[in-house]
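[1] structural data only, the sequence is not supplied:
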């Protein structure tokens, strides 16, 4: 019971910290949807006017820029800072190369494993699941640890998960389940046409943003300590 109480308190604090940070910067609730719409439109434009190779490369660069922007503002929220759109230019390049490095590593791995997947298509899904689990904390590792190299980021992300996989995935699974349920409800709203689609996008975007900020505070709380150390501190009130 002591373990449950300790981690329930940690998760609750991460959640309330996330709400407080967002309350200080409420405009960021619209950031996920804004970035998603901008990237989708850009992808459609680039895909229609450029050849697949050039268009694909530019789309990847745009995706890295979007992730850099979002990670920059997430970092500001977790650091309890006041952030604003006047920092947009800085945010584009803040973690751009960190994400490019990640995608380059994954591209190389894809090239190496391509023949294997071609011969054994059933391996694609297991590989995708393993990748999603192993790289789960890459965003937090990038904006909290400032890692630049793709391999370094992956190693540190995986190292964090090795130490905290239960503490990390249990609350993330529960919260993500709630977000998924809300997404299903949002999908129902889309039957109302454009208005329903906009409302659905806003609802899902807001929930995902709260979830992303919660993850940032939880990562910060778990990083740098072990389960034994947390239990010791809880026992002796340190």
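    On my side now, so go ahead. No experiment lies behind these values; they were computed from the predicted model shown.
[2] next up, the contacts around the closest residue to residue 212 other than its chain neighbours.
    Nearest residue to residue 212, sequence neighbours excluded (C-beta to C-beta, 6 or more residues apart in numbering): residue 74, at 6.0 Å. C-beta: built from backbone N, CA, C; applies to glycine. When the contact criterion is C-beta atoms under 8 Å, 6 or more residues apart in numbering, the partners of residue 74 are 139, 143, 212-213, 216.
[3] which element is residue 74 on?
    helix 52-78 (DSSP states H and E).
[4] residues of that helix that come out buried?
    Using 16 or more other C-beta atoms under 10 Å as the burial criterion, the residues of helix 52-78 that qualify are 55, 58-59, 63-78.
[5] what's the average pLDDT for that helix?
    Helix 52-78 carries an average pLDDT of 90.
[6] from the chain's centre, how far out does it sit?
    Distance of helix 52-78 from its chain centroid, counting by C-alpha atoms, centre = their mean, to the nearest Å, is 12 Å.
[7] please enumerate the helices of the chain.
    2-24, 31-49, 52-78, 88-94, 96-119, 124-134, 138-145, 150-189, 194-222, 227-236 (DSSP state H).
[8] which of these is buried the deepest?
    Of all the helices of the chain, helix 138-145 has the most neighbours on average by mean count of other C-beta atoms under 10 Å, namely a mean of 23.
[9] hmm, residue 43 is touching residue 62, no?
    Yes. Counting by C-beta atoms under 8 Å, residue 62 is a contact partner of residue 43 at 7.2 Å.
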